[in-house]
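Chemist: Below is the sequence, then the predicted model.
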Amino acid sequence: MNRLRIWCLTPAGALLGGLFLIPLGITLAYSLMTRGPYGGVFSPFTWENYSRLADPLYAAILWRSALYAVTATTICLFMGFPLALFIARSGRRRNLYLSLVIVPFWTSFLVRTYAWMFLLRDTGLINSMLLAAGVIHQPLTLLYTPFAVILGLVYGYLPFMVLPIFATLERLDKSLVEASADLGAAPRATLRHVIIPLARPGIMAGSILVFISSLGAYLTPDLLGGGKTIMIGNLVQNQFTSARDWPFGAALSLILMLVVMGMLLPLRRQSGGML
Amino acid sequence: MRRRAFLLSLAGLGCSRSKDRRLNVLNWSEYVAPETIPDFEREFGVKVRYGVYESAEEMLARVMSGNSGWDVVFPPNYFIRPMVELGLLAPLDHSQLPGAGVLDPRFQSPPWDVGLRYAIPYMWGATGILYQSTLDPAPQAWADLWKPSFSGRITMLDDPAEVIGACLKKLGYALNSEDSLQLSRAQAEAERQKPMLRAYVNEIVRDQLVAGELLAAQVWRSTAMRAMEAADGKLRFVYPREGYPLYADNIAILRESKRTRLAHSFINYLMRPAVAARIALTKLESTCNAPARALLPASMRNNVTLYPPEETLARGEWFQPLSANAQRLRDRIWTAIKSA
Amino acid sequence: MRNSRWLPVYAAALYGFLHLPLAVLAVFSFNSSRFTRWEGFSFIWYKAAFADAQLAEATVNSLLIALSATLLAAAAGTLCAYGLWKRDSPWITASLYLSLVTPEIVMGISLLALYQWIFRYLAIQLGMHTVILAHVMFCTAYVVTVVSARLRSFDASLEEAAMDLGATEWQAFVRVTLPRLAPAVASAALLVFIVSFDDYVITSLVAGVDSETLPMVIYAMARKGFNPSVNAISTLIVVALGGLILVSNRIEGREAER
């Protein structure tokens, strides 16, 4: 029993140890060092990068990012669950329908984002059509708004929600659903009391993937939000690029990771150990 | 069997590649003419690997280790000193660079690299305002980008040095100011302007200006040139009255390079007036090469946006490397502006 | 179990939402102008895309990287999920979680630091191998997440029954559990293929001289705005890979009928 388990865990363990934990250790070391006069990382060791985080400015940014991420995750869930259910119930066509969810994501993220910019612009497709139909007389400001950011996040991460939910619904025990129906439960009650509880691990997995990805997003707020809001991902990115302050960037990301872990652990316990 | 053949062919691919005589050039994307590299390969019988980066910081991160494999890079002027201090650049051997005399007098011994010890100036650019030519009065100064009548139809660049720089110039301060009082005044200006802005965006603003969705924008001159080319006279560019930023990209050889001879030949090749003129022509940028400029068609050679007169140039100020403290302060300010 | 009446309508609307930007891309890849006004039908952007040798090489690199990373990560991730299902390992679970919550840029920079540090002593340079390793690493956590979600609804008694009937634990895994896991592994593989194929941040940092990928090239082209050449490539990729999926679906369907 144990031998097989150890063999199973070895490849992933080696990957994680060598290519994730050791580099993470390097990041931890960076976060305790000082920025060189021209970028780069130098000793002496210091706590200063962490004490700088006491600035309320950074807490406000974290809070705003969490708000965006929660909104995007909720919308993804309401869009993704029915879609996953539809695919799971499509019989022989299910592979085709599943692929159709994936297909748009073979184009580069950047290109897809530009396509949305093209749709949302003042002279874009949506505004032109509404103007032509006489619904509006002035173009609506759609691009460079919080709405556009949420739209971009939802669009970008919807498959992260659909795929895990589908993976749990896909082999849902049909007899349970039928039994529920036989016992006179309305479809709605079956959904609530049978299907959703059974799909819970997938819902948790999907929500976690979407939440984490949205929280760290930095291109979407830049391109669709017009850079007028800053999310935590932009802040981290800026430290490694324009500010050239790797130690502060490292401290910032470690704190971010701790906060996310802190939020996820209760969820994880609630779902009975998802991973 | 088939799998082994596949693996062998993969291995073969790797070997045959590394045996060629070659030069690895890391540059901004689309920063040479289409025929520049193929012509060089043909003439010198070598292969050139042309890699691209999208920001100078990305370039620095990729070559920082000193074992990146690249030979030639194109750092902006304010990166030369940091890169020299970090020990990344090899000193140039001027006996192998007979062509260096062609540089415009302004670039013979620039302030960021006196005596051209580490890098050869390549092309230079600036930041200014691009606006719809129907605007009356036309914007002439950074201060015009604070006009309430433009509200919602202007943009600034998504770049801390540019936005803070424009605010500093508006207030009459130096572009590279490290003074905390001046910087906090600049922050207040930027925060006052933010509600009037459509967005902070870079090159993609071009299309929106051409389509007439915006009235005016802070832009890099290279973006402006392309937009004006596409808009048939509907757009105009101005070097703001209060002063504006200047920057230059330079050709440099990395210290780690083992192909310095070939790298010098490559620099010489890029300095040939005919080659430099072709690059300047296709990229719509200002060359640092005097005879190359003379080879350009008159419409470009005398273009006042690309080659402004002395009195306009005198208002420009070169970006400089900042101290660690100033950079940290500016990042805090930029973060505050963005989350205001 | 049938779909109710409103579910297909809702699904159709969602598919519309998902494919709308794609349709726009496809239409404008045939535009004769560089800008976003429609100015007539033409193939110029396809000609431009085909003439670009750098683009072709980057596409091959990207496919090679995404395929190898997907295969390796699917294998490592499925085994790991199975091992964790048998008995949880707090260390591995925690590291998986951490790797999921690590911002991409941090992963990229710290991997770069590691590579640079090791390779300086070994005199190796960055290249395809470093990119593939990095991709396998960040893809594995996704596979474990998706496959574990599926395993949670599994009944351990089936394997026990198989072992009572004389199967070794390895046989029980391969013959009993793995076949039932296949759909979850497939959907995890689809997910990580797109994650790997689309990755820019980590790749651009750990890529060396000969490992330019498609997102890197596209990023360089697209940053400057709407670029019809990029649209042309994107359309071609979608049509090619979409066609492949349709064909494989056909074959599967035919086999199922037999």
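Modeler: Structure's in. What do you need? Numbering: from 1, shown residues only, chains lettered A, B, ... in the order given.
Chemist: and residue 11, how many residues sit next to it?
Modeler: Went with chain A since none was named. 19 (other CB atoms under 10 Å in any protein chain shown). Heads up, the C-betas are built off the backbone N, CA and C, glycines and all.
Chemist: ah, no, chain C please
Modeler: C:Ala11, neighbours per other CB under 10 Å, totals 21.
Chemist: ok, residues contacting whichever strand or helix holds it?
Modeler: Per DSSP states H and E, C:Ala11 falls inside helix C:6-28. Helix C:6-28 has contacts (CB atoms under 8 Å, 6 or more residues apart in numbering or on different chains) with A:79, A:82-83, A:85-87, A:89, A:97, A:100-101, A:103-104, A:107, A:111-112, A:115-116, A:118-119, A:125, A:155, A:158, C:36, C:38, C:226, C:228, C:231, C:234-235, C:238.
Chemist: Whichever of these end up buried, select them in ChimeraX.
Modeler: Selection of buried members from the contacts of helix C:6-28 for ChimeraX, criterion 16 or more other CB atoms under 10 Å in any protein chain shown:
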select /A:79,82,83,85,86,87,89,97,100,101,103,104,107,111,112,115,116,118,119,125,155,158 /C:36,226,228,231,234,235,238
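Chemist: and the longest strand along chain B, what's its mean pLDDT?
Modeler: Using DSSP state E to define each element, chain B has its longest strand at strand B:119-132. Averaging pLDDT along strand B:119-132 gives 97.
Chemist: what helices or strands is that strand leaning on?
Modeler: Using 3 or more CB pairs under 8 Å, 6 or more residues apart in numbering or on different chains; DSSP states H and E, the elements in contact with strand B:119-132 are helix B:160-170, strand B:216-220, helix B:221-231, strand B:235-238, strand B:244-253, helix B:260-271, helix B:273-283, strand B:286-287.
Chemist: Name the strands paired with the last one and say parallel or antiparallel.
Modeler: Partner strands for strand B:286-287, per DSSP bridges, with pairing direction: strand B:119-132 (antiparallel).
Chemist: what's the following helix or strand after the strand it pairs with?
Modeler: According to DSSP H and E, the helix or strand after strand B:119-132 is strand B:154-156.
Chemist: Could you see whether chain C lies near that next one?
Modeler: No. Using CB under 8 Å from any CB of the partner chain, strand B:154-156 never reaches chain C; the gap is at least 13.4 Å.
Chemist: Helices of the stretch 1-150 of chain C, residue ranges please.
Modeler: Per DSSP state H, counting those that start in this stretch, the stretch 1-150 of chain C carries helices over the ranges C:6-28, C:44-51, C:53-86, C:90-101, C:104-122, C:128-151.
Chemist: just to revisit the earlier point, nearest to C:Gly242, of the helices and strands packed on strand B:119-132?
Modeler: helix B:221-231 (33.1 Å; CB to CB).
Chemist: How far away from the center of its chain is the closest one?
Modeler: Distance of helix B:221-231 from the chain centroid (CA atoms, centre = their mean, to the nearest Å) equals 15 Å.
Chemist: Can you name the residues that contact the closest residue to B:Ser257 other than its chain neighbours?
Modeler: Counting by CB to CB, 6 or more residues apart in numbering or on different chains, the nearest residue to B:Ser257 once its immediate chain neighbours are dropped is B:Asp71, at 4.1 Å. With contact set as CB under 8 Å, 6+ apart, B:Asp71 has these partners: B:23-25, B:253-254, B:257, B:259-260, B:262-263.
Chemist: any idea how far the residue in the stretch 51-200 of chain B positioned nearest to chain C lies from chain A?
Modeler: Relative to chain C, the nearest point of the stretch 51-200 of chain B is B:Ser65 (3.4 Å; CB to the nearest CB). Using CB to the nearest CB, to the nearest Å, we find B:Ser65 at a distance of 11 Å from chain A.
Chemist: Can I get the helices and strands packed on strand B:119-132 in JSON lines including mean neighbour count, mean pLDDT and distance to B:Glu57?
Modeler: Output for the helices and strands packed on strand B:119-132, formatted as JSON lines (neighbours: other CB atoms under 10 Å in any protein chain shown; pLDDT from 0 to 100; distance: least, CB to CB, whole Å):
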{"stretch": "helix B:160-170", "mean neighbour count": "24", "mean pLDDT": "97", "distance to B:Glu57": "11"}
{"stretch": "strand B:216-220", "mean neighbour count": "25", "mean pLDDT": "97", "distance to B:Glu57": "16"}
{"stretch": "helix B:221-231", "mean neighbour count": "21", "mean pLDDT": "92", "distance to B:Glu57": "18"}
{"stretch": "strand B:235-238", "mean neighbour count": "20", "mean pLDDT": "96", "distance to B:Glu57": "27"}
{"stretch": "strand B:244-253", "mean neighbour count": "23", "mean pLDDT": "97", "distance to B:Glu57": "14"}
{"stretch": "helix B:260-271", "mean neighbour count": "19", "mean pLDDT": "95", "distance to B:Glu57": "23"}
{"stretch": "helix B:273-283", "mean neighbour count": "19", "mean pLDDT": "94", "distance to B:Glu57": "22"}
{"stretch": "strand B:286-287", "mean neighbour count": "26", "mean pLDDT": "95", "distance to B:Glu57": "23"}
